[in-house]
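J.: Provide a 3D model corresponding to the input given below.
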Amino acid sequence: MDDLAADSPGADSLGADDTGTRLARRLRLERDARAWSLAELAARSGVAKATISKIERGETSPTAIILVRLAGAFDLTLAGLLLRAEGGGERLSRAAAQPSWRDPATGYLRRQVFSQPDHPLELVEVELPASQRVVFPAASYAHIRQLVWVRAGRLTILEGGARHDLAAGDCLGFGPPGEVTLANETAQPCTYVVALCRS
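T.: Sure, this is the predicted structure:
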């Protein structure tokens with residue numbers, strides 16, 4: 001089992017709106033609802049039991065990779081997990097109310113533009129800082145189809161042994177589930193939009 005970043009650098013609050021506290025509470029609720037022990041969630045997600053415990057107690061902020069693995073263990077997308085933490089439910093998604101979350105390891109900033117339990121589509125805007133990358137395991141793409149549309153900067157996507165270099169305006173639809181790396185290999189931040197739906 002991978003022990004992913006038990007003590008992430010910069011493990012502070014996930015945002016002024018107290019998203020971190022709500023997320024920690026939601027993870028515990030999801031685990032309790034399934035009557036899973038910490039050990040069982042660790043086995044299902046590949047995240048160390050000690051790491052999960054620290055996250056649930058609010059002692060550390062999870063990285064994007066850890067959140068994806070935990071969401072996958074609950075059969076949720078990352079957006080679905082964050083939505084449950086935020087308690088949203090309106091069809092109209094006002095810009096000021098869209099929840100955001102920053103990965104403490106990379107500075108990756110994720111804004112949930114739209115996601116509702118009764119709607120098949122989710123829309124996310126991401127800002128990936130210069131010289132940073134995020135690797136998502138194949139499990140994070142199970143049961144979903146998605147595409148990435150670059151709005152500013154340049155983004156490199158490594159997917160299924162292929163390398164795709166995207167500039168502003170370029171769009172890539174993902175293939176079969178596999179490990180995916182999203183990398184900003186430039187000295188400027190990159191902003192991109194992710195659109196996804198459950199398959």
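J.: from residue 113, how far out is residue 94?
T.: Here residue 94 is placed at a distance of 11 Å from residue 113 (CB to CB, to the nearest Å). All C-beta spots, glycine's among them, are computed from the backbone N, C-alpha and C.
J.: who's more crowded, the two?
T.: Higher neighbour count among residue 94 and residue 113: residue 113, with 17 against 7, using other CB atoms under 10 Å.
J.: which stretches of this protein have low pLDDT?
T.: 1-18, 87-90, 117-118, 199 (pLDDT under 70).
J.: so where do the strands sit in it?
T.: For the chain, applying DSSP state E gives strands covering 100-102, 109-115, 121-128, 133-136, 144-152, 155-159, 162-166, 171-173, 180-183, 190-198.
J.: tabulate those strands (TSV), appending distance to residue 62.
T.: Below are these laid out as TSV (distance: least, CB to CB, whole Å):
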stretch	distance to residue 62
strand 100-102	9
strand 109-115	12
strand 121-128	16
strand 133-136	13
strand 144-152	20
strand 155-159	23
strand 162-166	27
strand 171-173	26
strand 180-183	18
strand 190-198	19
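J.: domain parsing of this structure, as residue ranges.
T.: What automatic domain parsing lists as the domains of the chain is 19-86, 120-198.
J.: could you export these as TSV, including distance to residue 101 and mean neighbour count?
T.: TSV is the format used below for the domains of the chain (distance: least, CB to CB, whole Å; neighbours: other CB atoms under 10 Å):
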stretch	distance to residue 101	mean neighbour count
domain 19-86	6	19
domain 120-198	10	16
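J.: in the chain, which residue sits furthest out from the middle?
T.: Using CA atoms, centre = their mean, the residue of the chain lying farthest from its centre is residue 35. It sits 24.0 Å away.
J.: for residue 112, see how far away that one is.
T.: Between residue 35 and residue 112 the computed distance is 28 Å (CB to CB).
J.: kindly report the same for residue 167.
T.: 25 Å.
J.: also residue 98?
T.: 6 Å.
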